[in-house]
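1. give the three-dimensional model of this entry:
(chains A, B, C and D)
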2 protein chains.
Amino acid sequence: MDQTAAAQDELAFLAAYDASVYARPSVAVDVALLTVARGSLQTLLVQRAGQPQQGRWALPGGFVAIDESLDAAAARVLAAKAGLEDVFSEQLYTFGEPGRDPRTRVISVVYFALVEPGRLERAVEARGDRQLALATLEVAANGRVRGVRAVGPGGAELPLAFDHAAILATAVERVRGKLDYAPIGFELLPGAFTLLELRRVHEAVLGRPLNKDSFRRKVIDRGLVEPTGDRATGLGHRPPELYRFARPAEADR
Amino acid sequence: MDQTAAAQDELAFLAAYDASVYARPSVAVDVALLTVARGSLQTLLVQRAGQPQQGRWALPGGFVAIDESLDAAAARVLAAKAGLEDVFSEQLYTFGEPGRDPRTRVISVVYFALVEPGRLERAVEARGDRQLALATLEVAANGRVRGVRAVGPGGAELPLAFDHAAILATAVERVRGKLDYAPIGFELLPGAFTLLELRRVHEAVLGRPLNKDSFRRKVIDRGLVEPTGDRATGLGHRPPELYRFARPAEADR
DNA sequence: CCACTTAGATGCCTAATGCATTTATGCTCC
DNA sequence: GGAGCATAAATGCATTAGGCATCTAAGTGG
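-> Numbers count the residues shown, from 1 in each chain, chains lettered A, B, ... in the order given. Got it, this is the predicted structure:
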């Protein structure tokens, strides 16, 4: 039994070693950049200019440089494709099925990023790039996320390249999961906002309505937000208090 | 502004493209194989035979073959190093800091795996390998995981190689997080077990005591377990009911 | 056969949440 | 400029989940 195990070990080691020496996969970073505008999740897509999958829409991405950290590569991609810097970004998952890119073996470390819609719209506009689109994500879900479709500004569906539909579904699941315990709206709203706006963001991310009063109580009782003292006027009704996100009191966390 | 942005884009693309063509990183898979025995988390470590970090202890790992999926690579590593097949395993995080391995750029896709302690102990014993150890994880935490130490069977600390201490800390955090909503104990216990055993597993993973009655109610009310009808005797007190994990009634999920 | 130990059920208290009600207040329309 | 409208924001109540204490059950081992 010992000898058998040792032999197996040896064989497996050699198989893996040879493969790694003679053919290394390419490593890329893709970024699922999400925002919430007009009550729904949106994401930034880039239309593929060349083959394969020409004309289809892909997440912004790029190869990882040999001396560049993964986080830095994600930041670089965001700066290069969307002109955005200092964006909240976090590693999501690594996709590496052998056949996902027909050209060669590409292992893609995917990040998701969150940004306030105003910033993203301005950045896309400044770029004036026809191959750049801010697409609305239609999420099919019953409990878990079943799939996503991307719909362009004109209302037409944008066909997604490679396995990017699966990647976006994973990103939506992660953002939904984080919403329960992390102050994510932080990244998706300007400095001051009303509780209604915050709730609308949460509802758009979760894809379901939330109870107004429970939401208010939770968010205030947990000290996630604090009033600025100002109110938003010109709305045609009682002006709501404006809030800002409170730096969490990191007492015992 | 358009031209500037386009030029930036072009430059960034070329920089990334050149780098990827001329030097590709190596891609490895490491596995944090966790179990719970004697009331604490344990993990399987391999002592490094060669330089660098000779004599230090590392997670079992290996390079990803060019036509092999990441999941398959993780399964292969587990089979080769621990002789284990059909183990619960899930992708954890990808570690890719440029300096983490002094030899060359290695990007490591890390999986965590859970296995019943009996199986793991038998597998390690069958191998009879001096360079293989089942180490106890000492987790420093106050709310979040602050760090981990690995302690060998003899009670001596096993110094960890590379960034593997950080990797194990990430694995512990993930397992703790999953415990709240996923039936993880499933993978760490034999087919039949008492509620006390299940609670001890949860307590070991979380590193804190749990309320006995609340735990019982939650786990039964949510239908996570079902009684087998048998009882465990010979314990010196009232024999507890034996339970098995219930396949969740996937009604609306 | 009695003491010990853990199992397992029951009840109570508190906190969190959903839902309904009430009052506040600026805006728009006439 | 006043009435009505829409939403804000506070309050109260019912339900539920979880923490805690108590009580009884039932083998084991002296």
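2. my read: residue A:194 touches residue A:240, true?
-> Yes: using CB atoms under 8 Å, residue A:194 makes contact with residue A:240 at a distance of 4.2 Å. For glycine as for every other residue, the C-beta is placed from the backbone atoms N, C-alpha and C.
3. so what sits against both of the two?
-> residue A:232 (CB atoms under 8 Å, 6 or more residues apart in numbering or on different chains).
4. so which residues on the stretch 101-250 of chain A come close to chain B?
-> A:105, A:107, A:109, A:126-129, A:142-144 (CB under 8 Å from any CB of the partner chain).
5. name the residues of chain A found near DNA strand D, please.
-> Neighbours of DNA strand D within chain A, by CB under 7 Å from any atom of the strand: A:194-196, A:212-213, A:216-217, A:231, A:235-241.
6. show me which pair in the residues you listed is furthest apart.
-> Across these, the longest distance by CB to CB is 25.6 Å; it joins A:217 and A:236.
7. in terms of neighbours, single out the busier of those two.
-> When residue A:217 and residue A:236 are compared for neighbours, residue A:217 comes out ahead with 11 against 6, by other CB atoms under 10 Å in any protein chain shown.
8. what distance do you get for that one to residue A:182?
-> Distance, residue A:217 to residue A:182, by CB to CB, to the nearest Å: 19 Å.
9. ditto for residue A:107
-> The spacing between residue A:107 and residue A:182, counted by CB to CB, is 27 Å.
10. between these two, which has more neighbouring residues?
-> residue A:107 (25 against 14).
11. so the nearest residue to the more buried one once chain neighbours are set aside versus residue B:76, what's the distance?
-> Excluding its sequence neighbours, the residue lying closest to residue A:107 (CB to CB, 6 or more residues apart in numbering or on different chains) is residue A:96, at 4.0 Å. Separation of residue A:96 from residue B:76 (CB to CB): 14 Å.
12. higher neighbour count, these two?
-> For residue A:96 versus residue B:76, neighbours defined as other CB under 10 Å are more numerous around residue A:96 (25 against 20).
13. which residues touch that one?
-> A:25, A:107-108, B:27, B:64, B:69-70, B:109 are the contacts of residue A:96 under CB under 8 Å, 6+ apart.
14. sorry, back to before: and the furthest pair within the residues of the stretch 101-250 of chain A next to chain B?
-> Across these, the longest distance by CB to CB is 40.7 Å; it joins A:128 and A:143.
15. tell me how far residue A:146 lies from chain B.
-> Distance from residue A:146 to chain B, counting by CB to the nearest CB, to the nearest Å: 11 Å.
16. please apply the same query to residue A:139.
-> 16 Å.
17. pLDDT score for that residue?
-> With respect to pLDDT, residue A:139 scores 92.
18. would you confirm that it contacts residue A:171?
-> No: taking contacts as CB under 8 Å, residue A:139 lies outside contact range of residue A:171: 10.5 Å.
19. between those two, who's got more neighbours?
-> Between residue A:139 and residue A:171, counted using other CB under 10 Å, the more crowded position is residue A:171 (27 against 20).
20. strands along chain A, start to end?
-> With DSSP state E as the criterion, chain A has strands at A:26-37, A:40-47, A:57-58, A:61-63, A:88-95, A:106-114, A:132-142, A:144-151, A:225-231, A:241-245.
21. tell me the mean pLDDT for the third one?
-> Throughout strand A:57-58, pLDDT has a mean value of 97.
22. near chain B at all, that strand?
-> No: using CB under 8 Å from any CB, strand A:57-58 stays clear of chain B, with a minimum separation of 13.9 Å.
23. what's that strand packed up against?
-> strand A:40-47 (3 or more CB pairs under 8 Å, 6 or more residues apart in numbering or on different chains; DSSP states H and E).
24. adjacent strands (with direction) for the strand it packs on?
-> Neighbouring strands of strand A:40-47 in its sheet, by DSSP bridges, are strand A:26-37 (antiparallel), strand A:57-58 (antiparallel), strand A:132-142 (antiparallel).
25. residue of the stretch 51-200 of chain A closest to DNA strand D, please.
-> Relative to DNA strand D, the nearest point of the stretch 51-200 of chain A is residue A:196 (3.4 Å; CB to the nearest atom of the strand).
26. OK, contacts around that residue?
-> Contact analysis of residue A:196 by CB under 8 Å, 6+ apart lists residue A:240.
27. what about chain A, any weak spots by pLDDT?
-> A:1-22, A:142-143, A:248-253 (pLDDT under 70).
28. distance of the residue nearest to the spatial centre of it relative to residue A:64?
-> By CA atoms, centre = their mean, chain A has its centre lying nearest to residue A:112, at 3.0 Å. Residue A:112 sits 17 Å away from residue A:64, taking CB to CB as the criterion.
29. list of residues touching stretch A:69-89?
-> Taking CB under 8 Å, 6+ apart as the rule, stretch A:69-89 contacts A:29-31, A:33, A:44, A:46, A:60-65, A:68, A:91, A:109, A:111-115, A:119-120, A:123-124, A:126-127, A:132, A:186-187, B:5, B:8-9, B:12-13, B:16, B:94, B:96-98, B:107.
30. mind listing what's buried along stretch A:160-176?
-> By neighbour count with 16 or more other CB atoms under 10 Å in any protein chain shown, stretch A:160-176 contains the buried residues A:160-164, A:166-176.
31. equivalent analysis for stretch A:26-40, please.
-> A:26-37, A:40.
32. which of the residues you listed lies closest to DNA strand C?
-> Nearest to DNA strand C, judged by CB to the nearest atom of the strand, of these is residue A:36 at 20.2 Å.
33. contact partners for the closest one?
-> By CB under 8 Å, 6+ apart, residue A:36 lies in contact with A:42, A:117, A:188, A:200-201, A:204-205.
34. repeat that for 7 Å
-> The neighbourhood of residue A:36, defined by CB atoms under 7 Å, 6 or more residues apart in numbering or on different chains, consists of A:117, A:188, A:201, A:204-205.
35. show me what it is bridged to.
-> Assigned bridge partners for residue A:36, using DSSP bridges, are residue A:41.
36. need the contact list for residue A:149.
-> Residues near residue A:149 by CB under 7 Å, 6+ apart: A:138, A:157.
37. and it, what are its bridge partners?
-> With DSSP bridges as the rule, residue A:149 is bridged to residue A:138.
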